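Engineer: Need coordinates for the below:
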Amino acid sequence: MSFLKKMIYKNIVITEYSGITVDREIYEKVFLEAKDKLLEISTCHWVLCLEPVIFGVWLKKGEPPFDPDDQDLKMIIRDPEKTLAKVKLKVFSKMEEEEGSLYLMKYEEGNIYHTNFAEARFLFSRYYRKPGHSFKKFKALVTAYSYPRRVRIISFKEGGHFNIFPMDLLAPIPGSNKFVFGLRHTNRTLAKIIETGKIVVSEVSFEHKDEIYKLGKHHSTSPPSLDLLPFTTSPSKMFGFPVPAWASSYKEIRIVKTINLGSHMLMWGETAQEEKIKEPSPGFYHIHFLLFLHQERKGRHYKLV
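Structural biologist: Residues are numbered from 1 along each chain as shown. Below is the predicted model:
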């Protein structure tokens, strides 16, 4: 098997998700299709839950004239050469604001086209199969990460309790002061965030990938004391939450609503204060390995970091 792997994939490291940065622009485009209408949602859609896979789609009020309620909805992800995924979605809730609405859409069924069906099944069976993880679930996750998902740093502090960890199921809502999060129920700080209604989000560069990944274990385990972190922090202006010294900017968010989505809790917040620290650098993103493999074979891919 190792010989076959080396022959087919050469020096490509097979992982579940690839860490990348985006130098210029994102290659992929995402569309909503309903009957005879097609709407690009590349910059206003996000993954908010993984079990089940749920997308959030933000539509500005009255623009464009596209209403996903009670429609046979499909999401299509394309790159310049081909369609990568096409899935059926079901709207089950929406959050209405003055500026627009956040539609919550559940993945129902779909197909992926990054490679042929036989190779997709082989990769799933050899590298991604695990208890309770069906091929349908695999396709849903590949779809979810067939568009780069930006990683940001979350901070929280109350009394002697603090936490700092990365997230990629979150986003600022364009054209508003809103922010949406999808945080796992297993996160040890979720209850305190909801109780206090406060959170800080920092924008960070791909250059700090190693520090970001080390913080990943703080989702479910206790972090060291603030003094023992391997980097310095400074308190945010309003909440006093720890912000990494290498952050380019941060937002202090007040959580105003929560919705249980399954494996993740949706938190809807409003920006209370924003601070720019330095000029932003290219961000750190996650994509699924199948997307990277497809790009590698086309001779054009994002920079692995």
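Engineer: After the helix or strand of the chain with the lowest mean pLDDT, which helix or strand is next? Please name it.
Structural biologist: Least confident helix or strand of the chain, by mean pLDDT, DSSP states H and E, is helix 2-9 with a mean of 53. Sequence-wise, the next helix or strand downstream of helix 2-9 (DSSP states H and E) is strand 17-21.
Engineer: Who does that next one pair with, and is each partner parallel or antiparallel?
Structural biologist: strand 285-288 (antiparallel), strand 303-304 (antiparallel) (DSSP bridges).
Engineer: Nearest to residue 273, out of these?
Structural biologist: When the strands paired with strand 17-21 are compared by CB to CB, strand 285-288 sits nearest residue 273, at 25.9 Å. Using the backbone N, CA and C atoms, a C-beta is placed for each residue, glycine as well.
Engineer: Check the offset of the helix or strand following the closest one from the chain's centre.
Structural biologist: Heading C-terminal from strand 285-288, the first helix or strand you meet, by DSSP H and E, is helix 289-298. With CA atoms, centre = their mean, to the nearest Å as the basis, helix 289-298 stands 19 Å off its chain's centre.
Engineer: let's have the chain start at 401 instead
Structural biologist: Shifting the count to begin at 401 puts that one at helix 689-698.
Engineer: Helix 689-698 versus strand 417-421: what angle between them?
Structural biologist: 60 degrees (axes from the mean of the first three to the mean of the last three CA atoms, to 10 degrees).
Engineer: how about helix 689-698: buried residues?
Structural biologist: Using 16 or more other CB atoms under 10 Å as the test for burial, helix 689-698 gives 689, 690, 691, 692, 693, 694, 695, 696.
Engineer: Return the member of the strands paired with strand 417-421 having the minimum mean pLDDT.
Structural biologist: Among these, strand 703-704 carries the lowest mean pLDDT, a mean of 91.
Engineer: in the chain, what spans have low per-residue confidence?
Structural biologist: 401-411, 463-466, 469-470, 619-620, 624 (pLDDT under 70).
Engineer: tell me the contacts of the spatially closest residue to residue 568 that is not a sequence neighbour?
Structural biologist: Among residues not flanking residue 568 along the chain, residue 549 sits closest, at 4.2 Å (CB to CB, 6 or more residues apart in numbering). Counting by CB atoms under 8 Å, 6 or more residues apart in numbering, residue 549 touches 446, 447, 568, 569, 685, 686, 687.
Engineer: rewinding a little: which one of the buried residues of helix 689-698 sits closest to residue 616?
Structural biologist: So of the buried residues of helix 689-698, ranked by how close each gets to residue 616 (CB to CB), first place is residue 689, at 17.8 Å.
Engineer: isn't the closest one right up against residue 416?
Structural biologist: Yes. Judged on CB atoms under 8 Å, residue 689 makes contact with residue 416 at a distance of 6.2 Å.
Engineer: quick revisit: dig out what the residue nearest to residue 568 forms beta bridges with.
Structural biologist: Bridge pairing for residue 549 - DSSP bridges - gives residue 686.
Engineer: What is the end-to-end distance of stretch 654-669?
Structural biologist: Distance between the two ends of stretch 654-669: 5 Å, counting by CA to CA, to the nearest Å.
Engineer: before we move on, what about stretch 627-642?
Structural biologist: OK, stretch 627-642 end separation, CA to CA: 11 Å.
Engineer: what distance separates that stretch from the centre of its chain?
Structural biologist: Worked out by CA atoms, centre = their mean, stretch 627-642 lies 24 Å from the chain centre.
Engineer: what does stretch 537-545 give?
Structural biologist: 12 Å.
Engineer: buried set for it?
Structural biologist: Per 16+ other CB under 10 Å, stretch 537-545 contains these buried residues: 537, 538, 539, 540, 541, 542, 543, 544, 545.
Engineer: would you list every one of the helices in this protein?
Structural biologist: For the chain, applying DSSP state H gives helices covering 402-409, 517-523, 535-544, 590-596, 609-615, 689-698.
Engineer: Please identify which of the ones you listed is closest to residue 438.
Structural biologist: Across the helices of the chain, closest to residue 438 is helix 535-544 (CB to CB), at 17.7 Å.
Engineer: list the contacts for the nearest residue to residue 599 once chain neighbours are set aside?
Structural biologist: Leaving aside its sequence neighbours, residue 599 sits nearest to residue 653 (CB to CB, 6+ apart; 4.9 Å). Neighbour list for residue 653: 579, 598, 599, 600, 601, 669, 670, 671, 672 [criterion: CB under 8 Å, 6+ apart].
Engineer: go with 7 Å
Structural biologist: Residue 653 is in contact with 579, 599, 601, 669, 670, 671, 672, counting by CB atoms under 7 Å, 6 or more residues apart in numbering.
Engineer: Check residue 581 too.
Structural biologist: 567, 570, 667.
Engineer: which of these lies closest to residue 501?
Structural biologist: Nearest to residue 501 among the contacts of residue 581, with distances taken as CB to CB, is residue 667, at 17.1 Å.
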